[in-house]
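>>> Generate coordinates for the sequence data below:
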Amino acid sequence: MTKSTRNILITAVIFLFFIVLIDAFFIVSETNQVIITQFGEPKGETITTSGLHVKVPFIQKANYFEKRWLEWDGDANQIPTKDKKYIWVDTYARWRIKSPLVFFQRVRDERGAQSRLDDIIDGETRNAIANFDLIEIVRSTNRQFEITEEIAILDIASAIQEIETGREKIAQIILDNSSKITSEFGIELKDVRIKRVNYVDEVQRKVFDRMIAERQRIASKYRSEGDGKSAEIRGQKERELKKITSEAYRTTQEIKGKADGEATRIYAKAYNLDPEFYQFMKTLETYRTTLTKQTWLLLSTDSEYFKYLKRTAK
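Numbering: from 1, shown residues only. Down below sits the predicted model:
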């Protein structure tokens with residue numbers, strides 16, 4: 001055997017030794033737990049201690065599983081309630097691998113566990129929802145509502161019934177019933193919650209139409225009240241305007257009457273002092289208002305109107 005061939009063989013042996021060495025050791029972190037399988041069959045106890053561990057290389061395999069709580073988020077399902085209301089129910093849960101050996105034997109991995117949880121939790125959710133009225137699923141307590149004007153108009157308060165079980169207790173029922181089944185798969189359920197509840201599309205449209213109709217009725221009510229108030233204000237304005245106009249007219253007539261009376265008194269006083277002069281002045285005033293350059297008069301010589309003209313002509 002030549003030297004080069006011997007070097008190649010030594011290199012190959014060292015390389016194979018390192019491969020075997022590497023495959024013989026595995027690391028377990030603080031968040032993982034490991035089951036060793038040999039030709040697909042579990043061997044020994046579950047390894048939960050973190051650190052470096054040894055297995056038979058190439059023959060045995062390390063299967064890692066999470067220690068931490070995992071999330072399950074289900075799909076929304078259409079479910080009828082006890083009072084025949086069709087709703088969409090969306091749930092979520094928290095779970096962990098409690099018994100890795102059972103978990104490995106029954107569901108193999110997390111993907112298989114998620115599929116099992118879909119069937120178990122969705123089925124128990126459907127059973128629980130079907131046993132209760134919609135109000136029990138929506139409300140958690142019998143907290144009193146503050147009665148606002150809008151709620152009073154819509155009469156919502158009278159439609160809200162008191163609950164006996166409530167949403168939280170229904171979620172607990174789903175959790176209890178599901179846990180009895182998931183324990184058979186080495187799974188521990190921590191919490192199950194109803195994330196969202198909504199009407200199905202057909203019912204939702206009817207609800208929206210009813211809400212729109214209610215809002216339109218409220219708007220019509222407010223418009224009607226506004227029109228009535230507007231008419232009342234306009235009527236009051238007209239009454240006030242007529243009252244002011246009437247009082248102003250009465251005041252002007254009183255002032256005018258006093259002025260006419262004062263003028264009459266002055267005229268009478270002036271007439272009593274010199275009746276002839278007063279008559280002369282009134283006649284001149286009459287001339288000024290009745291005679292122009294184009295005026296023609298046909299008067300008798302003894303007319304009172306012609307008396308002062310005749311004197312002027314002389």
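>>> Run through the stretch 101-250 of the chain and note the low-pLDDT ranges.
Within the stretch 101-250 of the chain, the stretches with pLDDT under 70 are 145-160.
>>> where do the helices sit along it?
Using DSSP state H, counting those that start in this stretch, the helices of the stretch 101-250 of the chain run over 110-130, 134-138, 149-154, 156-159, 167-182, 201-273.
>>> so which of the ones you listed is the most packed in?
Most buried of these by mean neighbour count (mean count of other C-beta atoms under 10 Å) is helix 134-138; its value is a mean of 19. Bear in mind the C-beta positions are built from the backbone N, C-alpha and C, glycine included.
>>> same for that one, what does it pack against?
When contacts are defined as 3 or more C-beta pairs under 8 Å, 6 or more residues apart in numbering; DSSP states H and E, helix 134-138 packs onto strand 86-97, helix 167-182, strand 187-199.
>>> and the last one, which residues are buried?
Buried residues in strand 187-199, counting neighbours by 16 or more other C-beta atoms under 10 Å, are found at 187, 189, 192, 194, 197, 199.
>>> what lines up beside it in the sheet?
When pairing is defined by DSSP bridges, strand 187-199 lines up against strand 86-97 (antiparallel).
>>> In the partner strand, which residues are buried?
For strand 86-97, by 16+ other C-beta under 10 Å, it's 87, 88, 89, 90, 91, 93, 95, 96, 97.
>>> now, among these, which is nearest to residue 178?
residue 93 (7.8 Å; C-beta to C-beta).
>>> for the closest one, what are its contacts?
71, 72, 74, 117, 121, 175, 178, 189, 190, 191, 192, 193 (C-beta atoms under 8 Å, 6 or more residues apart in numbering).
>>> just residue 123 next, same as before
By C-beta under 8 Å, 6+ apart, the contact list for residue 123 is empty.
>>> which strand residues sit across from the closest residue to residue 195 other than its chain neighbours in the sheet?
Excluding its sequence neighbours, the residue lying closest to residue 195 (C-beta to C-beta, 6 or more residues apart in numbering) is residue 90, at 4.6 Å. Residues in a beta bridge with residue 90, per DSSP bridges, are residue 196.
>>> pLDDT score for residue 90?
Confidence at residue 90, expressed as pLDDT, is 94.
>>> can you check residue 2 too?
76.
>>> Report the separation between it and residue 30.
Per C-beta to C-beta, to the nearest Å, residue 2 is found 52 Å from residue 30.
>>> Tell me which of these two has more neighbours.
residue 30 (10 against 7; other C-beta atoms under 10 Å).
>>> From residue 27, how far out is the closest residue to that one other than its chain neighbours?
With sequence-adjacent residues excluded and distances taken as C-beta to C-beta, 6+ apart, residue 30 is closest to residue 50, at 4.6 Å. To residue 27, residue 50 is 8 Å away according to C-beta to C-beta.
>>> circling back to that earlier point, so can I have TSV of the helices and strands packed on helix 134-138 showing distance to residue 16?
Output for those, formatted as TSV (distance: least, C-beta to C-beta, whole Å):
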stretch	distance to residue 16
strand 86-97	36
helix 167-182	45
strand 187-199	41
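>>> Give me the number of neighbouring residues for the residue nearest to residue 30.
14.
>>> so what's it up against?
So residue 50 contacts 28, 29, 30, 32 (C-beta under 8 Å, 6+ apart).
>>> Residue 57 too?
Taking C-beta under 8 Å, 6+ apart as the test, what residue 57 contacts is 20, 21, 23, 24.
>>> ok, the residues you listed vs residue 209, which is closest?
Closest to residue 209, out of all of these and judged by C-beta to C-beta, is residue 23, at 67.8 Å.
>>> can you count the residues close to that closest one?
Going by other C-beta under 10 Å, the residues that sit close to residue 23 add up to 16.
>>> Spit out the contact partners of the nearest residue to residue 203 once chain neighbours are set aside.
Spatially, and ignoring its direct neighbours in sequence, residue 203 is nearest to residue 86 (5.9 Å; C-beta to C-beta, 6+ apart). Neighbour list for residue 86: 78, 79, 80, 199, 200, 202, 203 [criterion: C-beta under 8 Å, 6+ apart].
>>> what sits opposite residue 86 in the beta ladder?
According to DSSP bridges, beta-bridge pairing links residue 86 with residue 80.
>>> mind saving the C-alpha coords of stretch 16-27 as PDB?
Coordinates of the C-alpha atoms in stretch 16-27 are reproduced here as PDB (Å, rounded to 0.1, in the frame of the first residue of the first chain):
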ATOM      1  CA  LEU A  16     -16.300   8.900   9.300                       C
ATOM      2  CA  PHE A  17     -15.300   9.100  13.000                       C
ATOM      3  CA  PHE A  18     -16.300  12.700  13.200                       C
ATOM      4  CA  ILE A  19     -19.700  12.000  11.400                       C
ATOM      5  CA  VAL A  20     -20.400   9.200  13.900                       C
ATOM      6  CA  LEU A  21     -19.400  11.500  16.700                       C
ATOM      7  CA  ILE A  22     -21.500  14.300  15.600                       C
ATOM      8  CA  ASP A  23     -24.600  12.100  15.100                       C
ATOM      9  CA  ALA A  24     -24.100  10.500  18.500                       C
ATOM     10  CA  PHE A  25     -24.500  13.800  20.400                       C
ATOM     11  CA  PHE A  26     -27.600  16.100  20.500                       C
ATOM     12  CA  ILE A  27     -28.400  19.300  22.400                       C
END
